[in-house]
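Colleague: 3D model of this:
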Amino acid sequence: MVFAQRVTAEQTFQLVPPILAAAAATYQRAQVMEVEQLALMGRLDLSNSWTDEVRSTVLTARRRIHEAQEARAHFRDQVREFVVTLRDAGEPASSVLRYTRSMIQLLESTDAIMADGGRLESELLAWAIEDYESR
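Modeller: As a prediction, this is how the structure comes out:
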């Protein structure tokens, strides 16, 4: 006789590690906020004396740039761990790239991240190639 086991949320199977999905979403949101803030800054005349509004906009842009850089570094670390784990398990580069591409498509299809015309996917694949080839 086999007894049913209780399954907790931590024991459920997930195709994309939650920490990687969260890092991807955070990175993408940070990039969007950075671009929006830089666009605001771009509409300002920075050649004249700076008003409080100009100074505030520029400082906010600086903060958004740093936030995006930090989010990118964290996401990059998660991708590196994903790729290196597969590489060390003996997966060929073509499989690792397929898994990486599938991961992004799954994140997009579940609305964990927004579809962006392939920009994030191409960045991720470049990272995956670099990480796979580094030893």
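Colleague: going by C-alpha atoms from here, please, whenever you check contacts or count neighbours.
Modeller: Fine.
Colleague: and the helices in this structure?
Modeller: 18-42, 52-88, 93-109, 119-133 (DSSP state H).
Colleague: contact partners of the third one?
Modeller: The set of residues that contact helix 93-109 without belonging to it, under CA atoms under 8 Å, 6 or more residues apart in numbering, is 15-16, 21, 83, 86-87, 113-115, 121, 124-125, 128-129, 132.
Colleague: buried sites along it?
Modeller: By 16 or more other CA atoms under 10 Å, the buried positions in helix 93-109 come out as 93, 96-97, 99-101, 103-107.
Colleague: ok, the first one next?
Modeller: For helix 18-42, burial by neighbour count (16+ other CA under 10 Å) applies to 20-28, 30-31, 33-34, 37-38, 41.
Colleague: same check on the last one?
Modeller: Buried positions in helix 119-133, judged by neighbour count with 16+ other CA under 10 Å: 120-121, 124-125, 127-129, 131-132.
Colleague: same deal with stretch 62-82?
Modeller: 64-65, 67-69, 71-72, 74-76, 78-80, 82.
Colleague: so what touches it?
Modeller: 19-20, 23-24, 26-27, 30-31, 33-34, 37, 124, 127-128, 131.
Colleague: widest-spaced pair of those?
Modeller: Q37 and D131 (31.3 Å; CA to CA).
Colleague: how close does the residue nearest the centre of the chain get to M114?
Modeller: The centroid of the chain falls nearest to A24 when counting by CA atoms, centre = their mean (2.8 Å). Per CA to CA, to the nearest Å, A24 is found 10 Å from M114.
Colleague: per-residue confidence for Q5?
Modeller: Looking at Q5, its pLDDT reads 43.
Colleague: likewise F13?
Modeller: Per the predicted model, pLDDT is 45 at F13.
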